[in-house]
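K.L.:
coords please:
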Amino acid sequence: MNFKSAFPCQRNRREYSRVKAVVPFGARLVPPEERENLLSRVSNQTAVELGGLPEVQDQALAEWLSMINRKLDLILNTVGAQKQGFNSLPVQQINISGGGLSFHSQESFTRGDIVEVMMVLASSASVALYVYGEVVAADRRNDSFEIGLKFVAMGDEIREEICRFVFERERQILREKRG
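P.N.:
Numbers count the residues shown, from 1 in each chain. Below you'll find the predicted structure:
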């Protein structure tokens with residue numbers, strides 16, 4: 001068996017691996033005038049390049065500086081996510097895969113609508129994402145709607161973040177079943 005066929009989020013004949021998860025989540029309809037240049041992205045990705053860490057001969061010091069650099073990146077990303085409203089998102093159960101997601105909504109959407117989703121996927125490292133999906137299902141469920149989205153305007157980097165989350169969530173579910 002090769003690595004690609006063993007990776008759980010690679011496409012099989014039908015779809016990607018899918019899991020249920022409870023995450024900070026928000027969704028809004030994207031108006032037609034905003035649809036032209038959509039691109040899913042990690043929140044607060046910055047294009048600031050201050051250069052790499054200086055060359056340090058002392059290996060322990062180099063590792064220590066690298067660790068501090070990672071922690072500073074995490075702090076900056078957390079502050080940026082808070083400024084963009086990710087810390088105030090309600091927690092909601094979703095069903096997610098590398099190809100799309102489904103969720104319950106008080107708001108109705110129509111097939112073909114484009115929806116912007118803000119969510120935080122917490123695994124070994126939390127990531128705040130803006131993703132876009134086309135509504136492929138909108139079914140009334142009592143006093144709410146079950147919405148199914150197929151991801152659009154998404155590069156490989158974002159899909160890999162989602163697949164990594166799905167894989168880690170599958171492992172967590174298996175550990176809980178054994179426990």
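K.L.:
Sheet-wise, list the partners of the longest strand along the chain with their directions.
P.N.:
Longest strand in the chain by number of residues, with DSSP state E as the criterion: strand 127-141. Looking at strand 127-141 with DSSP bridges, its partner strands are strand 41-42 (antiparallel), strand 114-121 (antiparallel), strand 144-152 (antiparallel).
K.L.:
Count the neighbours of Leu29 for me.
P.N.:
15 (other CB atoms under 10 Å). Every C-beta, even on glycine, is put in place using the N, C-alpha and C of the backbone.
K.L.:
Please verify my assumption that it contacts Asp113.
P.N.:
Yes: using CB atoms under 8 Å, Leu29 is in contact with Asp113, at 5.8 Å.
K.L.:
Show me the shaky parts of the chain.
P.N.:
Residue ranges of the chain with pLDDT under 70: 1-15, 44-54, 69-70, 72-86, 124.
K.L.:
where along it do the helices fall?
P.N.:
Per DSSP state H, the chain carries helices over the ranges 3-6, 59-83, 156-178.
K.L.:
Arg41 contacts Tyr132, correct?
P.N.:
No: under the criterion of CB under 8 Å, Arg41 makes no contact with Tyr132, lying 9.7 Å away.
K.L.:
and these two? which has more neighbours close in?
P.N.:
Neighbours of Arg41 and Tyr132, each counted by other CB under 10 Å, are more numerous for Tyr132; the result is 21 against 17.
K.L.:
Quick one: residues contacting that one.
P.N.:
30, 38-40, 114-117, 151-154 (CB atoms under 8 Å, 6 or more residues apart in numbering).
K.L.:
at 7 Å instead, please
P.N.:
Listed by CB atoms under 7 Å, 6 or more residues apart in numbering, the contact partners of Tyr132 are 30, 38, 40, 114-116, 152-153.
K.L.:
What of Lys20?
P.N.:
Counting by CB under 7 Å, 6+ apart, Lys20 makes contact with 93, 95.
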